[in-house]
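Engineer: Here is a sequence with its predicted model. Questions after.
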Amino acid sequence: MSAESIPPKGDKRRVRQSANRAAYDRDTLYAVLDACSIGHVAFVHEGWPQSIPTAIARIDDGLWLHGSRSSRLYQVLAAGERVAVSVCLVDALVKARSAFHCSMNYRSAVVFGCGTPVSGDRKRTILDRFTEQLIPGSASDLREHLDKELKATELIRVPLDEASCKIRTGDPVDDDEDLDLPYWAGQIPLTTTTLEPIPSANLPSGMTFPDTLRGR
C-alpha cells in the first residue's frame, strides 16, 4: 500500500485501528463486494441511528441496493440521504494461546455516499443484472418483469468513490512469552457453500433443477 493511497487524517474513509490491514484500491474493494450478497446500511432517521441489512450487488463502478419502495430504508435512500454501507466475510476463527489474542480472519469494506434511484428501461436492465449476480445462472430461468413489480421495486446506486477495506489474514499474534505454553494455536477456516437444492413443494411434477444454476 503506497503512502499516496492512504486518505488524509480526518477523512472518514481512513482506517485508524490496525491501519496496516487497510486497503483503498478498487481491485480489493471490488473483490470484497463481489463476495457479498448482504450489506448493512447505516443512516440517521428522525434523530436515531439505524442499521439495516439489505441485498446488494456491485455492478460496474457502483454498489446497488435492492428492496421495496415502501420501506423506510429505501425512502431514505431514494431521497439522497447520506449512508454508510458495510460488509464483512469471516474466513477463519483465529485461536491464540490467550483469549486476548484470539481473533478472526476477515475481509470487510465500508462504502460512504448518497444513493441515486434508477428508472425507465435501465431499471429493468439493472434488475436483471442484480438478480444474475445474486443467483448466477438464473437469467434464463425467469419470466419477464411485470410493470407493477418494477414499480414496487427500488434500485439504488451508491458510488464507490469513497470506500475503504480492512482485511486480516494469517496466524494468531501471540506474546513471545506464551509461545511455549501447552495450548493449541492456529486457524479454524470457515466457508459458505451451496448444498443440495430443495425444490418448491408446488413445483410441477418432473421439473428438474436447471443445469445453468449448477455452476454456483
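Structural biologist: All right, it came through fine. Residues are numbered from 1 along each chain as shown.
Engineer: who does the longest strand seen in the chain pair up with?
Structural biologist: Counting residues, the longest strand found in the chain (DSSP state E) is strand 82-95. Using DSSP bridges, strand 82-95 pairs in its sheet with strand 38-45 (antiparallel), strand 103-114 (antiparallel), strand 186-189 (antiparallel).
Engineer: pLDDT on the first one, on average?
Structural biologist: Averaging pLDDT along strand 38-45 yields 95.
Engineer: next helix or strand past that strand?
Structural biologist: Remark: after strand 38-45, the chain's next helix or strand is strand 48-59, criterion DSSP states H and E.
Engineer: That following strand pairs with which strands, parallel or anti?
Structural biologist: Strand pairing (DSSP bridges) places strand 48-59 next to strand 38-45 (antiparallel), strand 62-68 (antiparallel).
Engineer: So in this structure, where's the weakest helix or strand by average pLDDT?
Structural biologist: helix 72-78 (a mean of 91; mean pLDDT, DSSP states H and E).
Engineer: Quick one: list the elements packing against the helix ranked longest in the chain.
Structural biologist: Using DSSP state H to define each element, the chain has its longest helix at helix 121-134. The contact analysis (3 or more Cβ pairs under 8 Å, 6 or more residues apart in numbering; DSSP states H and E) places helix 121-134 against strand 48-59, strand 62-68, helix 147-152, strand 153-159. Every C-beta, even on glycine, is put in place using the N, C-alpha and C of the backbone.
Engineer: Kindly recompute the last result at 6 Å.
Structural biologist: Counting contacts by 3 or more Cβ pairs under 6 Å, 6 or more residues apart in numbering; DSSP states H and E, helix 121-134 packs against strand 48-59.
Engineer: Between helix 121-134 and the strand it packs on, find me the angle.
Structural biologist: Following axes from the mean of the first three to the mean of the last three Cα atoms, to 10 degrees, one obtains 90 degrees for the angle between strand 48-59 and helix 121-134.
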